[in-house]
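*Asks:* I'd like to go over a predicted model; first the sequence, then the structure.
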Amino acid sequence: MTSQNPVIVLHGGAGNWPTRLHESALNGVRKAANLGFKILLEERSALDAVEAAVVSMEDNPIFNAGIGSTLNLLGEIETDAAIMDGRTLRGGGVALLRNIRNPIKAARIVMEQTDHVLIAGIAAERLALESGLDKGNLSVLRRVQAWKEGLKQLKSKQMKRSSNKTIEIFLGRLSDTVGALALDAGGNLAAADSTGGVSLKLPGRIGDSPILGSGLYADNQSGAATATGIGEQAMRLVICKTACDLMRQETGPSAATDTIRLATKKVGIGLGILTLDRRGRFAAAHNTRHLCWAARTRLTSVEKMWGTRVSK
Ligand code: GLY
């Protein structure tokens, strides 16, 4: 067994975070990072650390995941989440959950208790409930108000059902998704993420977050990555697998900036990424205005509303 210095790096979403929310968002990522790092210091697994960190952010209404998720065009909540083990390359995802308090726990059940990688909709909800997960009312007033405001904007621009247009509106108010990466004392990497998705999305739309390679990826031979922002962009670039492939030759920080540079060139503005390489080097990069993130090692403690901004 290697004795690796443990690392956790996590985010509470890329986008335009209003100044009045910065303090609460930073407190949220600090709490999640402390919780995840404590698990790593107890020599528990990277998987346990990323799951606990994401649960903490799902339970915090400031973030767009679990309680506090954004609403789709019809005013409903449909959440997506996934988790991946870099040691085995096993992963599990869930999509379109409506009433499960912690979608990330459902994703871990898919990974560990089924032969599948992704389960969606009513069947995923049933699996979660049969496995003993709690139901939850995920709706909060701030998101309902944002939904009403978004609908008004759609109406005023006569954009009733065009998802491209709704995503344009979403870009202006993006504060998207939570995710976490960890390296444990055994040298194992893991990744996890969870989201309410883009607000005003069409019902049934599934983003990058539950898709291995797009919303997250982890491979002990290369590195781990998790994405935030417009899922359609992340999926078109299979962005987290792209970043992990770069980490075969490059450090985590260099892979993060190279990946976001590629994203800006190929698909435009709207993404952020966290990377963590197998030697514990990590970074946050984005082409959005903000990326709320935190990291803990034995020597470092960081919480910030910005990473490396790569807008060209
Ligand atoms: N990145 C989250 C989503 O697009 O659903």
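*Replies:* Arrived safely, thanks for sending.
*Asks:* so who does Arg261 touch?
*Replies:* 310, 312 (C-beta atoms under 8 Å, 6 or more residues apart in numbering). Every residue, glycine included, has its C-beta placed from N, CA and C.
*Asks:* again, only using 7 Å
*Replies:* If you count contacts by C-beta atoms under 7 Å, 6 or more residues apart in numbering, Arg261 has them with Val310.
*Asks:* which residues in the stretch 1-150 of the chain form helices?
*Replies:* 22-41, 46-58, 103-113, 121-130, 141-156 (DSSP state H, counting those that start in this stretch).
*Asks:* can you tell me which strand in this protein is longest?
*Replies:* strand 7-15 (DSSP state E).
*Asks:* return the most buried member of the helices of the stretch 1-150 of the chain.
*Replies:* helix 46-58 (a mean of 28; mean count of other C-beta atoms under 10 Å).
*Asks:* can you list contacts of it?
*Replies:* 8, 10, 12, 28, 31-33, 35-36, 39-40, 63, 65-67, 83, 85, 102-105, 108, 178, 180-184, 188-194.
*Asks:* where in the stretch 151-300 of the chain is pLDDT low?
*Replies:* The stretch 151-300 of the chain contains residues with pLDDT under 70 at 157-175.
*Asks:* phi and psi next, for the residue lying closest to Val238 once chain neighbours are set aside.
*Replies:* In space, and not counting its chain neighbours, Val238 is closest to Gly213: 4.6 Å by C-beta to C-beta, 6 or more residues apart in numbering. Per-residue torsions, Gly213: phi 100, psi -30 (degrees, to the nearest 10).
*Asks:* contacts only, for Gly213.
*Replies:* Neighbours of Gly213 in contact, by C-beta under 7 Å, 6+ apart: 238, 240-241.
*Asks:* can you add neighbour count and secondary structure and give those back as a markdown table?
*Replies:* Below are the contacts of Gly213 laid out as a markdown table (neighbours: other C-beta atoms under 10 Å; DSSP: H, G, I helix; E, B strand; the rest coil):
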| residue | neighbour count | secondary structure |
| --- | --- | --- |
| Val238 | 18 | coil |
| Cys240 | 32 | helix |
| Lys241 | 18 | helix |
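*Asks:* CA-only coordinates of stretch 21-36 in CSV, if you can.
*Replies:* The C-alpha coordinates for stretch 21-36 follow below in CSV (Å, rounded to 0.1, in the frame of the first residue of the first chain):
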residue,chain,number,x,y,z
LEU,A,21,-24.2,34.9,-1.8
HIS,A,22,-20.4,34.6,-1.8
GLU,A,23,-20.0,34.3,2.0
SER,A,24,-22.6,31.5,2.3
ALA,A,25,-21.2,29.7,-0.7
LEU,A,26,-17.6,29.8,0.7
ASN,A,27,-18.9,28.6,4.1
GLY,A,28,-20.6,25.7,2.3
VAL,A,29,-17.6,24.6,0.4
ARG,A,30,-15.4,25.0,3.6
LYS,A,31,-17.8,22.8,5.6
ALA,A,32,-17.8,20.1,2.9
ALA,A,33,-14.0,20.2,2.5
ASN,A,34,-13.5,19.9,6.2
LEU,A,35,-15.8,16.9,6.4
GLY,A,36,-14.3,15.1,3.4
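*Asks:* got the angle for the longest strand of the chain vs helix 46-58?
*Replies:* 40 degrees (axes from the mean of the first three to the mean of the last three C-alpha atoms, to 10 degrees).
*Asks:* would you mark the buried spots in strand 7-15?
*Replies:* For strand 7-15, burial by neighbour count (16 or more other C-beta atoms under 10 Å) applies to 7-15.
*Asks:* quick one: average confidence on that strand?
*Replies:* Throughout strand 7-15, pLDDT has a mean value of 96.
*Asks:* anything in it near the ligand?
*Replies:* No: Strand 7-15 is not in contact with the ligand by C-beta under 6 Å from any ligand atom; minimum separation 8.5 Å.
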